[in-house]
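Novice: one predicted model, sequence on top.
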Amino acid sequence: MAKQTFIRWLGLLTRKQDSPHHRKFKVFIISDSSSPEQVPPLLKKYFPLFETGKTLKNFSLVELLSGKYKFSGHPNKKNLSFTEKIKRGIVRIFYTNYGKVATIWNLVDLIFLPSAPRNFFTPSAHVVDIYKTHLSGFSVKELSSYLSPSRNFIIFLLALISRRHFIDKEDGLTVFANMASPWLLMAYKFLHPNKSVYLRFHDGLEHMTERKNFLKFRKSLHQLIDKKIIQGAESYYEPDAEFLEITYRPNAVNSNVMQKVNYNYRKFIYTFIGAYKSVDDQSRLHDLNRIREQLHYLYPEIRKYINEYIIFVQDFDKERIIYSQYLKLVGESEIIIDMYRLTTDEGLSFRISEALLLGRKIITNRLIVLNYDFYDPSRFFVIGHDLIDRLEEFIKGEFKPLSPEIRKRYDCSYWWKNTDMPEKTVYRKTIH
């Protein structure tokens, strides 16, 4: 796919990136998730003429060997017939995956094209939806295809030789989320010298590099800071922030956005929307089963007021609900269920700040909340800490509002008001 990196860069250089050629041909999407709603946004952006609903059965071997089609993705080989497996092999080996092309072109565009005054680049379309909802005043875009060191190096070299064509001298601020490629960051800073660049990690360090490379990652990060390629970095996970020697700042949401879904009615006693770890590992939700059983015991008619939407990780992209719909359900609920994904001490989820700024109670198995400034028994029922017998008292009790000072700490509308890194904030409880 190095060829596609060069093709897009050359198109930008010759100002032919908007050539109608690639908008005229049709791309057939033949992956397992191929309804119109599940088409990746980047594919829609770069190849708007696409068709879903086709399978390998719709294409003969002769037609495939002719090379006349354009495809995105390929189906899982499980449950395919022998002939379909051959077709799948032909598509994988001899055809360009235009879904991948779209992500590469997007990466090139983010680095080389002029940026808005305030930018937030983040992986994954569903995370884009979250930040786009809460970061008012920011241009939030999907960051894609950034994991190939060789491609990133090529982009850096192309930036070096074409700087005078692409340099963007406008002031501003750009935040890269979950991405710390030195080549890409140097290329971006080289072309956008007056932008302040920051990194934010909203996943654990193990999601960005192998454990054996943690020290190397930290060294690289501080070299970027020392060379003023980036102005700073922050993590949502306190142990990672301490290890990397960067700022700790938990996930937060926009209070103005949350206020719009702060309805004066309730349809559900609780809402939980989340995923199992896998088909074989459903342990993440064992604690939720205990809560549900206790509620059925206390209130036999409560089942119809319980809102659960549980999916498997491998089905996430095709079964997830859009973020605006999720927020509506949160606003219609008395309690939000929050279950940790991987480990009990992982960083705070968005659910915590969503619920707190809405004034909704939280049931969680995330024991670390006990040590935070926002913790109060009226706001939290902590599985593994609270006895199950306290559940009835918790449900009937009143939510104690947050103080303005604490509330502000979990409100991202205050983030990056200027180009300085945030002052160090203590989110833990103060012990007197």
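Specialist: Arrived safely. Numbers count the residues shown, from 1 in each chain.
Novice: so where's this protein shaky on pLDDT?
Specialist: 16-23, 32-34, 277-282, 312-319, 419-424, 426, 428-432 (pLDDT under 70).
Novice: run the last query once more with 80
Specialist: Across the chain, the ranges flagged by pLDDT under 80 are 1, 16-24, 31-38, 275-284, 311-320, 342-345, 418-432.
Novice: give me the domain ranges for it.
Specialist: As assigned by automatic domain parsing, the chain contains the domains 2-100, 114-248, 255-409.
Novice: how many neighbours does Phe94 have?
Specialist: For Phe94, the neighbour count with other C-beta atoms under 10 Å is 10. To be clear about C-beta, it is placed using only N, CA and C from the backbone, and glycine gets the same treatment.
Novice: could you find the closest non-adjacent residue to it?
Specialist: Gly67 (6.8 Å; C-beta to C-beta, 6 or more residues apart in numbering).
Novice: how close does that neighbour sit to Arg211?
Specialist: To Arg211, Gly67 is 44 Å away according to C-beta to C-beta, to the nearest Å.
Novice: now Val140
Specialist: Look at Val140 and Arg211: by C-beta to C-beta, they are 30 Å apart.
Novice: the more surrounded of these two?
Specialist: For Val140 versus Arg211, neighbours defined as other C-beta under 10 Å are more numerous around Val140 (21 against 8).
Novice: hey, what's that one bridged with?
Specialist: Phe120 (DSSP bridges).
Novice: who are the contact partners of it?
Specialist: Residues near Val140 by C-beta atoms under 8 Å, 6 or more residues apart in numbering: 119-122, 128, 131-132.
Novice: among the residues you listed, which one lies nearest to Leu205?
Specialist: Nearest to Leu205 among those is Thr122, at 16.7 Å by C-beta to C-beta.
Novice: surely the closest one and Ser144 touch.
Specialist: No - contact status for Thr122 versus Ser144: not in contact, 10.0 Å apart, counting by C-beta atoms under 8 Å.
Novice: how about the residue nearest to Pro377 when sequence neighbours are not counted, secondary structure?
Specialist: Closest residue to Pro377 apart from its sequence neighbours, by C-beta to C-beta, 6+ apart: Phe394 at 7.5 Å. Classification of Phe394 using DSSP: H, G, I helix; E, B strand; the rest coil returns helix.
Novice: pretty sure Phe394 sits against Lys361.
Specialist: Yes - proximity of Phe394 to Lys361 meets the contact threshold set by C-beta under 8 Å, at 7.0 Å.
Novice: give me the common contacts of those two.
Specialist: Taking C-beta under 8 Å, 6+ apart as the contact definition, Phe394 and Lys361 share the neighbouring residues 378, 381.
Novice: compare these two (neighbour count), which wins?
Specialist: More neighbours surround Lys361 than the other of Phe394 and Lys361, with 21 against 17 (other C-beta under 10 Å).
Novice: quickly list what that one is bridged to.
Specialist: Ile335.
Novice: thought Glu334 was touching it, still the case?
Specialist: Yes - here Lys361 reaches Glu334: they are 6.6 Å apart, a contact under C-beta under 8 Å.
Novice: what do those two both touch?
Specialist: Ile395.
Novice: what's the helix or strand for the residue nearest to the spatial centre of the chain?
Specialist: The chain has Val127 as the residue nearest its centroid, 2.8 Å off, counting by C-alpha atoms, centre = their mean. Assigned by DSSP states H and E, Val127 belongs to helix 125-134.
Novice: now do the buried residues in that helix.
Specialist: Across helix 125-134, burial judged by 16 or more other C-beta atoms under 10 Å covers 127-134.
Novice: ok, the residues you listed vs Thr14, which is closest?
Specialist: Among the buried residues of helix 125-134, and counting by C-beta to C-beta, the member closest to Thr14 is Val128, at 29.3 Å.
Novice: for that closest one, give its distance to Pro41.
Specialist: 8 Å.
Novice: what is in contact with the two at once?
Specialist: Listed as contacting both Val128 and Pro41 by C-beta under 8 Å, 6+ apart are Glu142.
Novice: what about the residue nearest to Ile336 when sequence neighbours are not counted, how many residues nearby?
Specialist: Nearest non-adjacent residue to Ile336, counting by C-beta to C-beta, 6+ apart: Ala355, 4.2 Å away. By other C-beta under 10 Å, the residues close to Ala355 number 28.
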